[in-house]
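# one predicted model, sequence on top.
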Amino acid sequence: MGGNNNALNHTKPYRWAVVYLLLLRLVLNAIIPLMDQTEARYAEISRIMAQTGSWVTPQVDYGFPFWAKPPLSTWLSALSIKTFGVNEFAVRFPSFLIAVALILLLKPYAKRAGVNLAIPAFIILTIPEFLLHAGVVSTDMTLLLSLTLMMLSFWETVNGNRRFYKYLFFAAAGLGFLAKGPIVLILAGFPLVVWTVWFRQIKKAFLSFPWLFGIILFAAIALPWYWMAEKRTPGFLEYFFVGEHFKRFFDASWKGDKYGFPKTQPLGIIWVFLYTMALPWIIYVTLKVIKLKKEILKNPWLLFLLLWILWTPIFFTISTSLIHTYILPTVVPIALFVSWFWKNEEKKKIWFVTAMAVPVLAIMGIVLWFVPGVFENNTNTDKYILKDRKYSKLFYLNEKTYSSQFYSRGVVKTVNREELNNREAEQYLLLVKKGDSAGVKDAYHLKKIGESKKSLLFEHIPGKK
């Protein structure tokens, strides 16, 4: 086994792998269409913000406020659209930049573990959840960055590096509030409290931070937007804090969700997500904990990382309204935990090859992109059915999709069957979900001109039957 590890005892293979993974993610960001409904929704919210210049209240459609999440990720994607135009690469680029920033944050900890930055970079990029979110339009990467800055700032401050990090801790908490709300305090607070109690660092932790100034700094960053949002659209604060954070967490069938759909999952499903979307490195962590439990409990750094890893799935264990993205806060401590042991790891080749399985499979996605019809007919998006179409009037029967909004640049409008009866004298294109298409063609004298996985596209020309 030692002979198999010779090449992997040097940094070159990891560096090449990191370059490959970053380039792979960039290419996928540009070619994969925005899927309905979550990613396309956040992309459309960003597009509307960039178009309208309404930077305070995100809008899910023109004139309809989006209260479900704070605007930090939307601001970044809207600025990217302003720079690169309305396309998939632009709205995803901020997530990619955050991924790179997170990797760079690992450098001093890699050095302390006696390894090159390429090692934790390789590890985190081969965690499927992280590689996925380096190219997804969502609020999760801004939350991950904020949480990571909070946790690492706490560690540095308590361990003597106070000049800068003691302020960054509070600034990161403020950014977390703008990223996803109070969840950043919940995800950071418990593991930090447990760690300080376990190692009897309560007094030191308390005295290390400028609490009064820090709270003012946190409030100055986070609160102005919440005040302005409530002032512009009254009712936001109640919906966001009571509905999105309390009712959604405890009631998977919550009927008050204005934008999504119930995500009912079995209790404890978060652990299934963790042990699938964080492979293979969560297995590595588990094996080390089983083998070295006593040593880890005595090691401040390793227990700090382990508490950071475990608290997110523990917290979400009792919730049935969640998706796989909720394990994303675990990826940074997993990478740092594995890096700590990597220098003396005897089975580097096995772990390296296993970790590269998902990225290698992702190459197939690029290959398939060049096969006519594969993406067009098998992806949950209206991109291709609208591609190269010329229209001044575009309608969607009953309920439009977010991808149709994004790819039509907001031109598409919702219409019902009664309203179609009043448009006999107009020329237009009509999108119809396949489940709503019964009798539509003949009833409104339409010509079918396109089809995708979920939708049909019809053309109406006055006078033609």
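Yep, it's here.
# residue 108 belongs to a helix?
Yes. Checked against DSSP: H, G, I helix; E, B strand; the rest coil, residue 108 lies within a helix.
# for it, give me the pLDDT.
Per-residue confidence (pLDDT) for residue 108: 95.
# grab the nearest non-local neighbour of residue 437.
Spatial nearest neighbour of residue 437, chain neighbours left out: residue 456 (5.3 Å); criterion: CB to CB, 6 or more residues apart in numbering. The C-beta positions use only the backbone N, C-alpha and C, and glycine is treated the same way.
# so the one you found makes contact with residue 429?
No. Between residue 456 and residue 429 there is no contact under CB atoms under 8 Å: 10.9 Å.
# who's more crowded, those two?
Using other CB atoms under 10 Å as the criterion, residue 456 and residue 429 rank with residue 429 on top: 24 against 21.
# and the strand or helix carrying that one, what does it pack onto?
For residue 429, the element it lies in under DSSP states H and E is strand 428-433. The contact analysis (3 or more CB pairs under 8 Å, 6 or more residues apart in numbering; DSSP states H and E) places strand 428-433 against strand 394-397, strand 455-460.
# so the residue nearest to residue 437 bridges to which residues?
Beta-bridge partners for residue 456, by DSSP bridges, are residue 432, residue 451.
# residue contacts, it?
431, 432, 433, 434, 437, 448, 450 (CB atoms under 8 Å, 6 or more residues apart in numbering).
# now which of those residues would you call buried?
431, 432, 433, 450 (16 or more other CB atoms under 10 Å).
# pretty sure the third one contacts residue 400?
No. Taking contacts as CB under 8 Å, residue 433 lies outside contact range of residue 400: 9.8 Å.
# still on that earlier bit, the strand holding residue 429 versus strand 455-460: what angle between them?
With axes from the mean of the first three to the mean of the last three CA atoms, to 10 degrees applied, the angle from strand 428-433 to strand 455-460 works out at 160 degrees.
# could you give me the buried positions within whichever helix or strand comes after strand 428-433?
Counting by DSSP H and E, the element after strand 428-433 in chain order, helix or strand, is helix 440-443. Neighbour counts over helix 440-443 (16+ other CB under 10 Å) mark residue 440 as buried.
# which residues touch helix 440-443?
The contact list for helix 440-443, computed with CB under 8 Å, 6+ apart, reads 397, 417, 430, 432, 446, 447, 448, 458.
# now do the SS call for residue 345.
Look at residue 345: counting by three-state DSSP, its state is coil.
# next one: phi and psi at it?
Recorded main-chain torsions at residue 345 are phi -70, psi 130, according to degrees, to the nearest 10.
# and it, how many neighbours?
The number of residues near residue 345, taken as other CB under 10 Å, comes to 18.
# over to residue 292?
The number of residues packed near residue 292 is 14, by other CB under 10 Å.
# residues contacting it?
Counted by CB under 8 Å, 6+ apart, residue 292 has zero contacts.
# domain parsing for this structure?
The record's domain parsing of the chain by automatic domain parsing lists 3-368, 383-460.
# if we can go back for a sec, looking at the buried ones among the contacts of residue 456, which is nearest residue 100?
Closest approach to residue 100 among the buried ones among the contacts of residue 456 (CB to CB): residue 431, at 37.2 Å.
# confirm for me that that closest one is in contact with residue 391.
No. Residue 431 is beyond contact range of residue 391, at 10.5 Å (criterion: CB under 8 Å).
# possible to save the domains of the chain as TSV with distance to residue 375?
Output for the domains of the chain, formatted as TSV (distance: least, CB to CB, whole Å):
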stretch	distance to residue 375
domain 3-368	7
domain 383-460	7
